[in-house]
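Colleague: can you look at this prediction? I've put the sequence above it.
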Amino acid sequence: MPVLDETLISVFEEVVRRNPGEAEFHQAVREVLESLGPVVAKHPEYADEAIIRRLCEPERQIIFRVPWTDDAGQVQLNRGFRVEFNSALGPYKGGLRFHPSVYLGIVKFLGFEQIFKNALTGMPIGGAKGGSDFDPKGRSNGEVMRFCQSFMTELYRHLGEYTDVPAGDIGVGGREIGYLFGQYKRITNRYESGVLTGKGLSWGGSQVRTEATGYGTVFFVDEMLRATAESFDGKRVVVSGSGNVAIYAIEKVHQRGGRVVACSDSDGYAVDPEGIDLDLLKEIKNGRRGRMSDYVAQRPGSRYVADGSIWEVPCDIALPCATQNELNGADARSLVRSGCRIVAEGANMPTTPEAIRVLRDAEVSFAPGKAANAGGVATSALEMQQNASRDSWTFEHTEARLADIMRSIHERCLTTADAYGSPGDYVVGANVAGFIRVADAMLALGHV
Ligand code: GLU
């Protein structure tokens, strides 16, 4: 493990002690602290004002019971979370995740990452995350609706367009945001569009929000390629996942001239040497909520692999777009062996610390999610802007704004990495640039 700067060791130990058993949260904190050594050396005021210690402690953590009735009339019980981590830069902002693996440690890791990601976008948004251990898989529309209504019946009192603005994440898409907004509106008797993002286009949503995380990741990689006078043209790309982020990453890679030769779901992966057929994938995933095995059954020339790792498929560029810690040390070694040159995170923290070390040692360019997947939340901030001005922009205008934002995040990462003695290191660049923006706002706001 890379050594932590001495002043930061005690901060990390305090985080571990105060948040026992929350491995993902510890991992996310450690990864940021490892970048901050040169920053605290240059700016002792951050340590004097306990900025880093305060950043690691959420401003507010809400945990609540979510009872709901299933189609058989049985009462079901889940746990809901919202961790409002930091509001120095703007109202709390970050998605909701519905997945059986959700517990406080996952929500905290996601909320912590969100602070720096949101800061990097340059937009006025604080950091938060929420969700539930509810498993939407196999649930009917009616069950999902009743769950969302019960979830919002507690959460609404903590939300508001100037307070806390949730959106989607794994298991929460346009359908769920609709049910959540409907219940918020009913309870508060207010059509407060800016309270949630990821809304439908006909009732306050923004063009490009659905596509934004995947598109943004590819825009970011385009900038990485451009920095070495290359392009997507003819590149083989592997994208893990087949949800919202993966689908629109695949779409944009194809538009830019690359070829996505594999994608996956939680059961297995499909290899498709001709390039993933996106219409078929969208129809299966969005239309039928089907599996990758259904894709392979309908796609001549492709094959399905039920066990093993998608990172064994040779590629030039790897985009992990599924979930946390899905790409480990052994996977990173496979990628290095097959000649992969770029790894960019479409998901949040999909690459383990060991894998990041393997990639760094082999000089594979690595873009962390805070930078590479910030396009989703950035477009949420554009949705908030449109809601505040009761306006709606065209697809072209919104996509151009997203591309600009990704370009400036890329630029900010490289300039900051240079300034802090790690040229070309996107991890240092993203962590330090995000940190400084939040830290300076916290200094200005006093001890709150
Ligand atoms: N869940 C997304 C993320 O990880 C989007 C959050 C949002 O739009 O608020 O950044």
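Modeller: Yep, it's here.

Colleague: quick one: Gly434 is in a helix?
Modeller: Yes: under DSSP: H, G, I helix; E, B strand; the rest coil, Gly434 sits within a helix.

Colleague: shaky segments in this structure?
Modeller: Residue ranges of the chain with pLDDT under 70: 1-2.

Colleague: all strands of it, in order?
Modeller: 60-69, 75-86, 92-98, 127-132, 164-167, 236-240, 259-264, 269-271, 303-305, 317-320, 342-344, 365-367 (DSSP state E).

Colleague: now these in CSV, with distance to Asn189 and mean neighbour count?
Modeller: In this view, the C-beta of every residue, glycine as well, is placed from N, C-alpha and C. Compiled in CSV, these are given as follows (distance: least, CB to CB, whole Å; neighbours: other CB atoms under 10 Å):
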stretch, distance to Asn189, mean neighbour count
strand 60-69, 22, 15
strand 75-86, 22, 21
strand 92-98, 23, 28
strand 127-132, 23, 30
strand 164-167, 19, 25
strand 236-240, 43, 26
strand 259-264, 44, 24
strand 269-271, 48, 24
strand 303-305, 50, 15
strand 317-320, 43, 30
strand 342-344, 44, 25
strand 365-367, 44, 23
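
Colleague: redo the ones you listed as JSON lines? Include distance to the ligand.
Modeller: Below are the strands of the chain laid out as JSON lines (distance: least, CB to the nearest ligand atom, whole Å):
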{"stretch": "strand 60-69", "distance to the ligand": "17"}
{"stretch": "strand 75-86", "distance to the ligand": "12"}
{"stretch": "strand 92-98", "distance to the ligand": "3"}
{"stretch": "strand 127-132", "distance to the ligand": "8"}
{"stretch": "strand 164-167", "distance to the ligand": "3"}
{"stretch": "strand 236-240", "distance to the ligand": "16"}
{"stretch": "strand 259-264", "distance to the ligand": "19"}
{"stretch": "strand 269-271", "distance to the ligand": "23"}
{"stretch": "strand 303-305", "distance to the ligand": "28"}
{"stretch": "strand 317-320", "distance to the ligand": "14"}
{"stretch": "strand 342-344", "distance to the ligand": "15"}
{"stretch": "strand 365-367", "distance to the ligand": "15"}
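
Colleague: between the ones you listed, which one is closest to Ile436.
Modeller: For the strands of the chain, proximity to Ile436 was assessed by CB to CB; strand 75-86 is nearest, at 13.9 Å.

Colleague: the residue in the stretch 301-448 of the chain that the ligand sits nearest to: neighbouring residues, count only.
Modeller: The ligand sits closest to Ser380 of the stretch 301-448 of the chain, with a gap of 3.3 Å, by CB to the nearest ligand atom. When neighbours are counted by other CB atoms under 10 Å, Ser380 registers 28.

Colleague: my guess is it meets Gly198, correct?
Modeller: Yes: between Ser380 and Gly198 a contact is recorded at 6.8 Å, counting by CB atoms under 8 Å.

Colleague: what's the overlap in contacts for these two?
Modeller: Residues touching both Ser380 and Gly198 by CB atoms under 8 Å, 6 or more residues apart in numbering: 167, 209.

Colleague: what residues does this structure put near the ligand?
Modeller: Proximity of the chain to the ligand (CB under 6 Å from any ligand atom) is limited to residues 93-95, 167, 169, 197, 348, 376-377, 380.

Colleague: can you pick out the most distant pair from these?
Modeller: Thr197 and Asn348 (16.9 Å).

Colleague: list the contacts for Val66?
Modeller: Neighbours of Val66 in contact, by CB under 8 Å, 6+ apart: 77-80, 132, 134, 147, 150-151, 154.

Colleague: one more time with 6 Å, if that's ok
Modeller: 78, 80, 150-151 (CB atoms under 6 Å, 6 or more residues apart in numbering).

Colleague: then Ile170?
Modeller: Neighbouring residues of Ile170 by CB under 6 Å, 6+ apart: 97, 99.

Colleague: got the phi/psi numbers for it?
Modeller: phi -60, psi 130 (degrees, to the nearest 10).

Colleague: now it: how far from Leu96?
Modeller: The gap separating Ile170 from Leu96 is 9 Å, by CB to CB, to the nearest Å.

Colleague: what of Ser365?
Modeller: On the measure of CB to CB, Ser365 and Leu96 end up 32 Å apart.

Colleague: could you do Asp164 as well?
Modeller: If you go by CB to CB, the gap between Asp164 and Leu96 works out to 11 Å.

Colleague: next: Gly275.
Modeller: In terms of CB to CB, Gly275 sits 33 Å off from Leu96.

Colleague: for Asp277, same thing?
Modeller: Following CB to CB, the distance that separates Asp277 from Leu96 is 31 Å.

Colleague: please apply the same query to Phe134.
Modeller: In terms of CB to CB, Phe134 sits 10 Å off from Leu96.
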